[in-house]
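Novice: Next one to model:
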Amino acid sequence: MALATASWWATAAGCLTLAAAFGTAQFASPEYVDVASTLNIVAWQAVTAACCCLFIRRLRAVADAVDAATDQVIAARERLAARRSQAEERIRHFHEHLRRHRALHDGPLRLLTAIAGQGNAGHPDPEVRRQAAISANVLRGTTPDHPDGTLTDLSLALIEEGNDSAALGLRVEYHFANLPDSLPTDVLLAFRHAAGEALANVARHAGSSRVRLTALTVRQPLPIVVVAVVDQGKGFDPDLTPPGYGIRQSITTRMGEVGGAATVDSHPGQGTRVDLRWPG
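Specialist: Numbering: from 1, shown residues only. As a prediction, the model looks like this:
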């Protein structure tokens with residue numbers, strides 16, 4: 001009964017039934033007088049039954065634990081397989097985008113860049129050159145250069161903000177990765193306009209025709225969205241050149257108003273880096 005049911009109640013009932021039957025058979029004999037021996041036999045039977053019940057209960061507990069661990073291992077393997085499948089799918093899509101980017105770079109992007117330039121291939125109409133520069137900027141920004149690079153509200157806003165700088169002859173190189181699908185409207189606008197001011201400063205003061213704009217999510221331990229505008233221009237000495245109105249109001253103050261932060265790092269001859277973070 002103990003081995004079959006692993007129930008204390010069923011084991012106790014079985015022991016009582018067996019003890020009653022055994023005692024009745026023993027005491028029914030007129031020649032039987034050894035009560036202590038009968039009780040000893042019944043006690044040993046009860047102890048044996050209790051040990052069996054305890055053993056089978058522990059054995060079942062171990063079996064349940066093994067089953068649970070096995071289920072966890074199977075579930076973990078399924079999750080790992082799913083993540084690998086998703087990663088392989090992202091990488092496959094990335095390589096497809098990369099091939100398309102190469103096709104765009106060797107075809108329309110190169111042509112638009114040439115039309116927007118000031119050289120012999122440049123179009124004589126300034127408005128055509130401006131539109132070509134904007135189109136080249138959009139193509140350059142909307143082609144992901146990272147397996148986790150996707151178009152989000154923030155990346156599209158930054159690309160649109162880069163159009164004005166592209167029209168001034170500044171080539172913006174974009175890098176987007178692991179960005180949230182959406183952000184609060186005020187935060188999105190703060191990132192957009194602060195980055196736009198940083199790009200405008202590069203076009204006006206850096207003396208460089210290229211700038212790199214990076215936007216990604218850093219996890220430490222809470223996710224933080226970081227946008228960086230980096231140029232290799234002439235830079236400046238912050239100790240000798242205090243931040244102007246654009247940096248103080250359009251970048252630092254604007255990010256602070258939405259709970260973010262901004263830092264500017266520059267050295268003469270080594271370019272300038274503007275970092276925008278939210279939350280700060």
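
Novice: now the stretch 51-200 of the chain, which segments are flagged as low pLDDT?
Specialist: 93-114, 116-123, 129, 139-150 (pLDDT under 70).

Novice: swap the cut-off to 80 and go again
Specialist: 86-151, 164-165, 167-169 (pLDDT under 80).

Novice: where exactly do the strands run in it?
Specialist: Using DSSP state E, counting those that start in this stretch, the strands assigned to the stretch 51-200 of the chain run over residues 171-177.

Novice: which stretches of it form helices?
Specialist: Ranges of helices within the stretch 51-200 of the chain are 110-116, 126-142, 153-167, 185-201, based on DSSP state H, counting those that start in this stretch.

Novice: would you turn these into TSV with distance to Thr70 and mean neighbour count?
Specialist: Glycine gets a C-beta too; all of them are placed from N, C-alpha and C. Output for these, formatted as TSV (distance: least, C-beta to C-beta, whole Å; neighbours: other C-beta atoms under 10 Å):
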stretch	distance to Thr70	mean neighbour count
helix 110-116	58	18
helix 126-142	47	18
helix 153-167	44	21
helix 185-201	46	20
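
Novice: So for Val42, which of those helices sits nearest?
Specialist: Closest to Val42 of those, according to C-beta to C-beta: helix 185-201, at 79.4 Å.

Novice: how about a markdown table for the helices of the stretch 51-200 of the chain, with distance to Leu80 added?
Specialist: Putting these into a markdown table (distance: least, C-beta to C-beta, whole Å) gives the following:
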| stretch | distance to Leu80 |
| --- | --- |
| helix 110-116 | 42 |
| helix 126-142 | 32 |
| helix 153-167 | 29 |
| helix 185-201 | 35 |
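
Novice: Let me know which of the ones you listed is the nearest to Ala87.
Specialist: helix 153-167 (20.9 Å).

Novice: Just the residues contacting that closest one, thanks.
Specialist: The contact list for helix 153-167 (C-beta atoms under 8 Å, 6 or more residues apart in numbering) reads 116, 130, 133-134, 136-138, 141-142, 172, 174, 176, 179-183, 188-189, 191-193, 195-196, 199-200, 202-203, 211, 213, 215, 225, 227.

Novice: ok now that helix, how far from the chain's centre?
Specialist: Chain-centre distance of helix 153-167: 24 Å, with C-alpha atoms, centre = their mean, to the nearest Å.

Novice: and if you look at stretch 125-141?
Specialist: 34 Å.

Novice: Equivalent analysis for stretch 76-93, please.
Specialist: Worked out by C-alpha atoms, centre = their mean, stretch 76-93 lies 14 Å from the chain centre.

Novice: how much space between the residue nearest in space to the middle of the chain and Gly23?
Specialist: The centre of the chain sits closest to Asn178, judged by C-alpha atoms, centre = their mean, with a distance of 6.5 Å. Using C-beta to C-beta, to the nearest Å, Asn178 is found at 77 Å from Gly23.
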